[in-house]
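>>> Generate coordinates for the sequence data below:
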Amino acid sequence: MKKVAILAVAISSLTVLSCKKCHDCHYDENGTEVEIGELCGEELENAEANGWALQDTVVTVHCEEH
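Okay, here's the model as predicted:
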């Protein structure tokens, strides 16, 4: 039983550590939400910190955890 418990803890730890932070993201344009889609990891962090580049414009991104 002790081996099963240790194995369960090890598997759950690996699962938590390997998860990427992903959110559904959008930006606002003329009062309308425009969906970007799901962003994860570094791409998500960059979009939240620096905005999303659209041709010659950078827009503010809004992301929500799912």
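>>> Tell me where the model's unsure across the chain.
The model of the chain has pLDDT under 70 over residues 1-19, 65-66.
>>> which residues of it fall in strands?
22-29, 32-40, 52-54, 57-59, 61-65 (DSSP state E).
>>> winner for burial among these?
strand 22-29 (a mean of 16; mean count of other Cβ atoms under 10 Å). Heads up, the C-betas are built off the backbone N, CA and C, glycines and all.
>>> coming back round to it: now distance to residue 46 too, for the strands of the chain, in JSON lines please.
As requested, these are arranged in JSON lines below (distance: least, Cβ to Cβ, whole Å):
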{"stretch": "strand 22-29", "distance to residue 46": "11"}
{"stretch": "strand 32-40", "distance to residue 46": "9"}
{"stretch": "strand 52-54", "distance to residue 46": "9"}
{"stretch": "strand 57-59", "distance to residue 46": "12"}
{"stretch": "strand 61-65", "distance to residue 46": "10"}
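>>> Run a quick check on residue 44 versus residue 36, I expect a contact.
No - taking contacts as Cβ atoms under 8 Å, residue 44 lies outside contact range of residue 36: 10.2 Å.
>>> Mind listing the shared neighbours of these two?
Shared contacts of residue 44 and residue 36 (Cβ atoms under 8 Å, 6 or more residues apart in numbering): residue 25.
>>> hang on, residue 60 packs against residue 25?
No - counting by Cβ under 8 Å, residue 60 stays clear of residue 25, with 10.6 Å between them.
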